[in-house]
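Participant: please work out how this folds:
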Amino acid sequence: MADFWQGYALPVVITVAEIVAIIVPLLVAIAYLTYAERKVLAWAQLRKGPNVVGPFGLLQPIADGAKLLFKETVIPSGANRVVFLAAPILTFSLSLMAWAVIPFDKGVVLANINVGILYLFAISSLGVYGIVMAGWSSNSKYAFLGALRSAAQMVSYEVSMGFVIVTVLLCAGSLNLTAIVEAQRTIWYAIPLLPMFVVFFISVLAETNRSPFDLPEGESELVAGFFVEYSAMSFALFYLGEYGSMILMSAMTSILFLGGWLAPFNLEPFTGLAAHLWAGFWFALKVALVLFCFLWVRATVPRFRYDQLMRLGWKVFLPFSLFWLVLTAGVLVTTGWLPK
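Facilitator: The predicted model follows:
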């Protein structure tokens, strides 16, 4: 019995505890990201934002969640019920699965696989399936148009994102996310690869269907886009998936370009548990900074026309990111800086 516990049961219990330790704070962060977004938009528009439910409106996300939890889930009569309900579950699940390879500090990661960046890219690419499933199964022309827009948009910007990631991999010499962060101890990649950092951030906005690239949800012409027929918790799962993807992409941006958990100037004043908390603080601070940029852009930049969005992806970002990739490879080879 002791051998069974130590050999099989204990590792399972530890893994489940680690998963819960990641998912619970993530769900809280998603809930309060909605609060932060409403506050940032209110400040930008000289309003107060949520300020009634609880002190400073801090209980507003909980009230919103409770309201959606107890509402009735309405399924359109012409919808494909199985696919209609599976779509939001898939979207939300994918936003959680990607966190398996995100390192919060050296050695503090659920699955430290050597191809972590490929895993992340694969998971982010699968996100379009949930949206297409929702648009098709709703049996609504508005939802279907929103799904088609999203599919075209995500494919367009994933190409340039891929070239940006390959550029970072050339500099780091590894596909392991921990190794990529450790390679930035001398200088964060946001400085030598600044143009690619900008391209990556804008592509992330398009990848997550955020303003000014929120064409799949265009209220003015598509009512609400691919989730127009959703209500109650099925709608909430799409909402959670979108904000979970925002936090995930902010974490990716931090790891690839902002040194992950590394403090500026290589400050490491602590050891042991305090060192992990210090690293976690810097990682969370960088993620919060990128998230603020998400909200800032939504408050200040108007929505693109769809032809402008596609032109930017295929005629500007794609050739530019390919050019910068070739330039980076040439510089690394000719200067001898290519990682071994």
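Participant: Asn209 belongs to a strand?
Facilitator: No: going by DSSP: H, G, I helix; E, B strand; the rest coil, the assignment for Asn209 is coil, not a strand.
Participant: gap between it and Met246?
Facilitator: To Met246, Asn209 is 10 Å away according to Cβ to Cβ, to the nearest Å. In this view, the C-beta of every residue, glycine as well, is placed from N, C-alpha and C.
Participant: what lies in contact with the helix or strand hosting Asp64?
Facilitator: Using DSSP states H and E, Asp64 sits in helix 60-70. Residues outside helix 60-70 that contact it (Cβ atoms under 8 Å, 6 or more residues apart in numbering): 31-32, 34-35, 38, 50, 52-54, 232-233, 235-236.
Participant: again, 6 Å this time
Facilitator: Ala31, Tyr32, Thr34, Tyr35, Pro50, Val53, Ala232, Met233, Ala236 (Cβ atoms under 6 Å, 6 or more residues apart in numbering).
Participant: which parts of the stretch 151-300 of the chain are strands?
Facilitator: For the stretch 151-300 of the chain, applying DSSP state E, counting those that start in this stretch gives no strands.
Participant: export only the CA atoms of the helix holding Asp64, formatted as PDB.
Facilitator: These are the backbone C-alpha positions of helix 60-70, laid out as PDB (Å, rounded to 0.1, in the frame of the first residue of the first chain):
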ATOM      1  CA  GLN A  60     -18.900  43.600  -9.000                       C
ATOM      2  CA  PRO A  61     -17.200  40.700 -10.800                       C
ATOM      3  CA  ILE A  62     -18.600  38.300  -8.200                       C
ATOM      4  CA  ALA A  63     -22.100  39.700  -8.700                       C
ATOM      5  CA  ASP A  64     -21.800  39.500 -12.500                       C
ATOM      6  CA  GLY A  65     -20.600  35.800 -12.200                       C
ATOM      7  CA  ALA A  66     -23.500  34.900  -9.800                       C
ATOM      8  CA  LYS A  67     -26.000  36.600 -12.200                       C
ATOM      9  CA  LEU A  68     -24.700  34.600 -15.200                       C
ATOM     10  CA  LEU A  69     -24.600  31.400 -13.200                       C
ATOM     11  CA  PHE A  70     -28.300  31.500 -12.200                       C
END
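Participant: which strands or helices does the following helix or strand past it pack on?
Facilitator: Moving toward the C-terminus from helix 60-70, the next helix or strand (DSSP H and E) is helix 81-97. Contacting helix 81-97 under the criterion 3 or more Cβ pairs under 6 Å, 6 or more residues apart in numbering; DSSP states H and E are the following elements: helix 116-137, helix 232-257.
Participant: what helices or strands is the first one leaning on?
Facilitator: In this structure, helix 116-137 packs against helix 81-97, helix 141-172, with contacts taken as 3+ Cβ pairs under 6 Å, 6+ apart.
Participant: okay, the angle between the first one and helix 116-137?
Facilitator: Looking back up the chat, that one is helix 81-97. Compare the direction of helix 81-97 with that of helix 116-137 by axes from the mean of the first three to the mean of the last three Cα atoms, to 10 degrees and you get 160 degrees.
Participant: buried residues in helix 81-97?
Facilitator: The neighbour-count check on helix 81-97 (16 or more other Cβ atoms under 10 Å) flags Phe84, Leu85, Ala86, Ala87, Pro88, Leu90, Thr91, Phe92, Ser93, Leu94, Ser95, Leu96 as buried.
Participant: residues making contact with stretch 255-262?
Facilitator: Stretch 255-262 is contacted by residues 105, 168, 177, 181, 184, 188-190, 197, 254, 279, 282-283, 286 when judged by Cβ under 6 Å, 6+ apart.
Participant: burial count for Ala63?
Facilitator: Using other Cβ atoms under 10 Å, the number of residues around Ala63 comes to 14.
Participant: how much space between it and Gly49?
Facilitator: Taking Cβ to Cβ, one finds Ala63 at 14 Å from Gly49.
Participant: and the angle for the helix holding Asp64 with helix 232-257?
Facilitator: Computed with the same axes, to 10 degrees, the direction of helix 60-70 lies at 140 degrees from that of helix 232-257.
Participant: re earlier: check the contacts of stretch 255-262 and tell me the two furthest apart.
Facilitator: Across those, the longest distance by Cβ to Cβ is 22.6 Å; it joins Asp105 and Phe197.
Participant: so who does Lys39 touch?
Facilitator: So Lys39 contacts Gly49 (Cβ under 6 Å, 6+ apart).
Participant: let's go with 7 Å and repeat that
Facilitator: Going by Cβ atoms under 7 Å, 6 or more residues apart in numbering, Lys39 touches Gly49, Pro50.
Participant: what of Ala206?
Facilitator: Gln153, Tyr157, Phe213, Gly313.
Participant: secondary structure element for Ile14, which one?
Facilitator: According to DSSP H and E, Ile14 maps onto helix 10-44.
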